[in-house]
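[1] predicted coordinates and the sequence they were generated for:
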Amino acid sequence: MTKQRHNTDADQQTVFIVDDDASICEGLSNLLEALGMKAEPYSSAEMFFEHWDSARSGCLLLDGRLPGMTGVEFHDKMLQAGSTLPIIFMTAHGDIPMVRKVMKSGAIEFLTKPFPKEELLHAIEQAFTIDRDRRREEKILNSIRGRAASLTEREREVMSMVTAGMLNKQIAAELNLSEIMVKTHRRHVMDKMGAESLADLVKLSERIKMP
């Protein structure tokens, strides 16, 4: 039976391995851990999903053919769950339609067993970089969303109009407010959003796709 190893540190990048061949799981785990990486093997899709935590970072080495669930179905389930964990497919039974499907769905690489160690390590390095970049971007977006959530309904209206290019006079007429009040709301929006200029405010709005 494959030994399960778990780490509660969500920031440590881990190579999750899902393959029903215990010898492959063990061999890959030993190889990666000998190279100083954290590896966590699973012998089935069910076992992986039972322990999976979306906060964990790293990448997934996924066998293309698993009992009860193909690698493609597994990948689709991860995508439906909103996972951004980079996936590297590995299989001894790969075919062109499968390669096209998983790559189109966002898989990082498709390795045909047996694959050279260098090819595997290159794919993992690439996946780790993608994962770090995605999580860094998500952290930034969450910060912007948090600031936007602090706006009042009126401030959101003013922000929407300001970033659409409307002048204070036009906004005042549209919202039936005085220009002084519009300027006050506008100043509050800039302060809460942490924007130093109108250009900054527009960029922030675009990044979180505010209406």
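    Perfect, I can see it now. The structure displayed is predicted, hence computed values, not measured ones.
[2] ok, now which ones touch residue 125?
    Applying Cβ atoms under 8 Å, 6 or more residues apart in numbering, we find residue 125 in contact with no residue. Using the backbone N, CA and C atoms, a C-beta is placed for each residue, glycine as well.
[3] gap between residue 59 and residue 97?
    Relative to residue 97, residue 59 is positioned 24 Å away (Cβ to Cβ, to the nearest Å).
[4] more neighbours: the two, which one.
    When residue 59 and residue 97 are compared for neighbours, residue 59 comes out ahead with 25 against 9, by other Cβ atoms under 10 Å.
[5] tell me the secondary structure at that one.
    When classified by DSSP: H, G, I helix; E, B strand; the rest coil, residue 59 comes out as strand.
[6] where's the nearest residue to it once chain neighbours are set aside, which helix or strand?
    Counting by Cβ to Cβ, 6 or more residues apart in numbering, the nearest residue to residue 59 once its immediate chain neighbours are dropped is residue 127, at 3.5 Å. Using DSSP states H and E, the element containing residue 127 is helix 117-149.
[7] I'd say residue 38 and residue 29 touch.
    No - under the criterion of Cβ atoms under 8 Å, residue 38 makes no contact with residue 29, lying 9.7 Å away.
[8] give me the next element, helix or strand, following the helix or strand bottoming out on mean pLDDT in the chain.
    Of all the helices and strands that make up the chain, the one with the lowest confidence by mean pLDDT, DSSP states H and E is helix 96-104; it has a mean of 75. Toward the C-terminus, helix 96-104 is succeeded by strand 109-112 as the next helix or strand (DSSP H and E).
[9] using PDB, list the CA coordinates for that following strand.
    What follows is strand 109-112, C-alpha atoms only, in PDB (Å, rounded to 0.1, in the frame of the first residue of the first chain):
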ATOM      1  CA  GLU A 109       2.700  18.800 -20.100                       C
ATOM      2  CA  PHE A 110       2.000  15.300 -21.400                       C
ATOM      3  CA  LEU A 111       4.700  12.700 -20.600                       C
ATOM      4  CA  THR A 112       4.800   9.300 -22.200                       C
END
